[in-house]
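Asker: Show me the folded form of this:
(one chain, ligands or ions: 2)
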Amino acid sequence: MFAATRVLSSVAAKRTFATSAANLSKVAVLGAAGGIGQPLSLLLKNNTRVTDLSLYDIVNSPGVAADLSHINTNSKVAGFGPENDGLKKALEGSEIVVIPAGVPRKPGMTRDDLFNTNAGIVRDLAEACAKHCPKANFLIISNPVNSTVPIFAEVLKKHGVYDPKRLFGVTTLDVVRASRFVSEVKGKDPKDVNVTVIGGHSGVTIVPLLSQTGEKFSQEELDALTNRIQFGGDEVVKAKNGTGSATLSMAFAGARFADSLLQAKQGKKGIVEPTFVESPIYADQGIEFFATNVELGPEGVEKILPVGETSEYEKDLITKCIADLKKNIEKGKSFVKA
Ligand SMILES: NC(=O)C1=CN([C@@H]2O[C@H](COP(=O)(O)OP(=O)(O)OC[C@H]3O[C@@H](n4cnc5c(N)ncnc54)[C@H](O)[C@@H]3O)[C@@H](O)[C@H]2O)C=CC1
Ligand SMILES: O=C([O-])CC(=O)C(=O)O
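Answerer: Residues are numbered from 1 along each chain as shown. Ligands and ions are numbered 1, 2, ... in the order given. This is a model prediction of the structure:
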């Protein structure tokens, strides 16, 4: 009986750790009723570090919120639509805002083809964030990430509230895929296969550094794996046959990134995730944002980790990445300036 009580109270203590006053974490999801938004919100509801989950969408978010609110984890869930200052209410007090709002690709489209629709959505949501939760951490999932992150940054700058430590393009899915694909080829458990992926989040701007995995690859394997990691998104778009792009694996990846950031904000040291942030790494070549491994901390970005040793093959990939990435970043910045 005594032992049982001790076990129960230690479980309770763990729960209160995640919900004590010092660790109140309100997370808002914008685009919460969508293909990514729903499973991502489910995973966040299951995360005991989240105390308040605020779901915003232009449609259906009250229903998603009511559904998730019956799950017996400690967090409170609220759903908001555009009416009655819903976006303001969703954002106020948020520590993390995750943004998967916007349209996904159909077969034959590039991520850049989404720019015309998604740029305006992301700009408007950034305006609201600048007004209602300027000190939050912003996790941008909406594509094209290479342009939507610069758009978000420009809007925050216009409002005088931009802090590069708190704006992240979510590129976690690229490392999740890379780990899975390499583990399949090498017959390993993916948990033992870490692949650093740098650059951006579309086609040739996605640069896997397979030489740093400690595995040996034939040239044929290298070509096939690099191509699969760069164009993994297209595989899903093709298989979904016009009904959208990756949603479940993206929700998994987004929830992993949000959890890492929450852990870092709650004081855990040495948490590293790949992410597309304002970065000095290729600034001398005019590249303002670049994804590398980043150590996270209480303020967001703690330290941008260097690219490290790369092979000749990877140097060539990086050159191609930089040419495309530069155009994508410029396109985002000019959209806001115009
Ligand atoms: N960063 C990454 O690795 C990935 C990014 N994506 C991107 O994520 C985005 C969302 O994809 P899905 O969830 O599959 O699309 P979806 O169409 O299923 O859901 C998007 C949701 O956004 C909502 N929305 C539209 N305008 C909005 C606004 N102004 N405010 C709030 N919500 C709004 C829609 O009502 C919808 O519920 C796409 O742009 C897609 O390309 C997708 C997979 C991976
Ligand atoms: O491919 C897409 O359009 C969605 C995406 O970003 C991904 O799956 O990596």
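Asker: quick one, what contacts the residue nearest to residue 86 when sequence neighbours are not counted?
Answerer: Spatial nearest neighbour of residue 86, excluding adjacent residues (Cβ to Cβ, 6 or more residues apart in numbering): residue 80 at 3.5 Å. C-beta here means a position set from N, CA and C on the backbone, and glycine is covered the same way. Counting by Cβ atoms under 8 Å, 6 or more residues apart in numbering, residue 80 touches 54-56, 61-62, 86-87, 89-90.
Asker: residues near the residue of the stretch 151-300 of the chain found nearest ligand 2, how many?
Answerer: As assessed by Cβ to the nearest ligand atom, ligand 2 sits closest to residue 233 within the stretch 151-300 of the chain, at 2.3 Å. Neighbours of residue 233 under the rule other Cβ atoms under 10 Å: 24.
Asker: Can you classify residue 125 by secondary structure?
Answerer: Per DSSP: H, G, I helix; E, B strand; the rest coil, the secondary structure class of residue 125 is helix.
Asker: Can you report how many residues neighbour residue 160?
Answerer: Neighbours around residue 160, by other Cβ under 10 Å: 8.
Asker: pretty sure it is in a strand, no?
Answerer: No: residue state for residue 160 (three-state DSSP) corresponds to coil; a strand is not indicated.
Asker: Tell me the pLDDT of it.
Answerer: As predicted, residue 160 sits at a pLDDT of 98.
Asker: got it, and the one 10 residues further on?
Answerer: The per-residue pLDDT reported for residue 170 equals 98.
Asker: Between the two ends of stretch 105-125, how far is it?
Answerer: Length of stretch 105-125, first residue to last, Cα to Cα, to the nearest Å: 20 Å.
Asker: tell me the contacts of residue 321?
Answerer: The contact partners of residue 321, by Cβ under 8 Å, 6+ apart, come to 198-200, 204-207.
Asker: Make a markdown table out of those and add distance to residue 105, secondary structure and pLDDT.
Answerer: A markdown table is the format used below for those (distance: Cβ to Cβ, whole Å; DSSP: H, G, I helix; E, B strand; the rest coil; pLDDT from 0 to 100):
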| residue | distance to residue 105 | secondary structure | pLDDT |
| --- | --- | --- | --- |
| 198 | 23 | strand | 98 |
| 199 | 19 | strand | 98 |
| 200 | 16 | coil | 98 |
| 204 | 16 | helix | 98 |
| 205 | 16 | helix | 98 |
| 206 | 15 | strand | 98 |
| 207 | 21 | strand | 98 |
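Asker: mind listing the strands for the stretch 101-250 of the chain?
Answerer: 137-140, 167-169, 197-199, 206-208 (DSSP state E, counting those that start in this stretch).
Asker: Could you export those strands as JSON lines, including distance to residue 26 and mean neighbour count?
Answerer: Below are these laid out as JSON lines (distance: least, Cβ to Cβ, whole Å; neighbours: other Cβ atoms under 10 Å):
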{"stretch": "strand 137-140", "distance to residue 26": "11", "mean neighbour count": "26"}
{"stretch": "strand 167-169", "distance to residue 26": "17", "mean neighbour count": "28"}
{"stretch": "strand 197-199", "distance to residue 26": "30", "mean neighbour count": "28"}
{"stretch": "strand 206-208", "distance to residue 26": "32", "mean neighbour count": "27"}
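Asker: got TSV for those, with distance to residue 334 too?
Answerer: Listed next are the strands of the stretch 101-250 of the chain as TSV, based on distance: least, Cβ to Cβ, whole Å:
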stretch	distance to residue 334
strand 137-140	18
strand 167-169	18
strand 197-199	21
strand 206-208	23
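Asker: Let's have these in a markdown table, adding distance to ligand 1.
Answerer: As requested, these are exported to a markdown table (distance: least, Cβ to the nearest ligand atom, whole Å):
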| stretch | distance to ligand 1 |
| --- | --- |
| strand 137-140 | 8 |
| strand 167-169 | 7 |
| strand 197-199 | 11 |
| strand 206-208 | 10 |
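Asker: Between these, which one is closest to residue 309.
Answerer: Closest approach to residue 309 among those is made by strand 197-199 (12.6 Å; Cβ to Cβ).
Asker: Please enumerate residues in contact with that closest one?
Answerer: So strand 197-199 is contacted by 171, 174-175, 178, 205-209, 229, 274, 290-292, 307, 318, 321, 325 (Cβ under 8 Å, 6+ apart).
Asker: can we see that at 7 Å?
Answerer: Residues external to strand 197-199 that are found in contact with it (Cβ atoms under 7 Å, 6 or more residues apart in numbering): 171, 174-175, 178, 205-209, 229, 274, 290-292, 307, 321, 325.
Asker: next one: stretch 212-223
Answerer: Under Cβ under 7 Å, 6+ apart, the answer for stretch 212-223 is 182, 185-186, 193, 195-196, 210, 225, 308, 313.
Asker: Just the buried ones from those?
Answerer: Buried subset of the contacts of stretch 212-223 (neighbour count, 16 or more other Cβ atoms under 10 Å): 182, 186, 193, 195-196, 210, 225.
Asker: any weak-confidence spans in the chain?
Answerer: Low-confidence segments of the chain, defined by pLDDT under 70: 1-23.
Asker: circling back to that earlier point, which ones among the contacts of stretch 212-223 are found in helices?
Answerer: 182, 185-186, 225, 313 (DSSP state H).
Asker: Output those of these also counted as contacts of ligand 2.
Answerer: Applying Cβ under 6 Å from any ligand atom to the ones in helices among the contacts of stretch 212-223, one finds that nothing falls near ligand 2.
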